[in-house]
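Undergrad: give me the fold of what follows.
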Amino acid sequence: MEYYTRIAIPRSSFTFTHEGVTMLLGSCFVENMGKNLEKNKFSIDLNPFGILYNPSSIANAIRHLIQPSEFTSKDLFLKEGIYHSFLHHSRFSSSSECECLERINKQINLSSQHLRTANRMIITLGTAWVYQFKETGQVVSNCHKLPDRLFIRKILSTQEIIDE
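TA: Residues are numbered from 1 along each chain as shown. Alright, predicted model coming up:
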């Protein structure tokens with residue numbers, strides 16, 4: 001007696017090999033996939049802006065990689081002696097403005113080159129909720145634990161996600 005159903009799964013037309021470069025962007029799920037790919041010697045570029053959850057932030061990161069421009073001090077803010085970027089994960093933050101900008105700009109330059117040679121991109125979305133910085137209207141990728149009163153929380157519509 002068989003206690004399971006046999007299912008014939010056809011071979012996919014898409015192959016995933018060690019050849020080429022894979023760009024991974026998105027949530028902590030892509031972070032975990034990327035670490036496993038890296039451990040298994042795949043050529044990857046993993047979350048060049050850090051972990052990103054919403055479609056707007058991911059699209060913004062891709063735009064920055066397609067047309068790289070240097071981040072400057074006006075793109076940073078200082079909180080409790082640490083410089084941060086609203087578009088980056090805290091792994092880019094630093095007590096030195098120069099070091100923070102160096103980390104950000106170095107990664108953008110490297111990842112921009114990787115994107116041009118990548119033959120695969122894996123994107124994982126975590127949420128359709130975004131936070132807009134009230135002062136500028138900019139959707140932020142990371143609030144860096146600033147008070148919630150500084151942001152407007154809104155959910156992206158399906159059409160807004162498609163447009164991004």
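
Undergrad: so which residues of the protein form strands?
TA: Taking DSSP state E as the test, the strands found in the chain are 21-26, 43-46, 76-79, 82-85, 118-124, 129-133, 139-140, 151-155.

Undergrad: mean pLDDT and mean neighbour count added to these, as CSV?
TA: Any C-beta I mention is one placed from the backbone N, CA and C, and that applies to glycine too. CSV is the format used below for those (pLDDT from 0 to 100; neighbours: other CB atoms under 10 Å):
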stretch, mean pLDDT, mean neighbour count
strand 21-26, 96, 22
strand 43-46, 96, 20
strand 76-79, 96, 15
strand 82-85, 98, 20
strand 118-124, 95, 15
strand 129-133, 97, 17
strand 139-140, 96, 22
strand 151-155, 97, 13
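
Undergrad: closest one to residue 57 among these?
TA: strand 139-140 (6.4 Å; CB to CB).

Undergrad: what does that closest one rub up against?
TA: For strand 139-140, contacts defined as CB atoms under 8 Å, 6 or more residues apart in numbering pick out 54, 56, 57, 60, 86, 87, 130, 131, 132, 133, 151.

Undergrad: mind redoing it with 7 Å?
TA: 56, 57, 86, 130, 131, 132, 133 (CB atoms under 7 Å, 6 or more residues apart in numbering).
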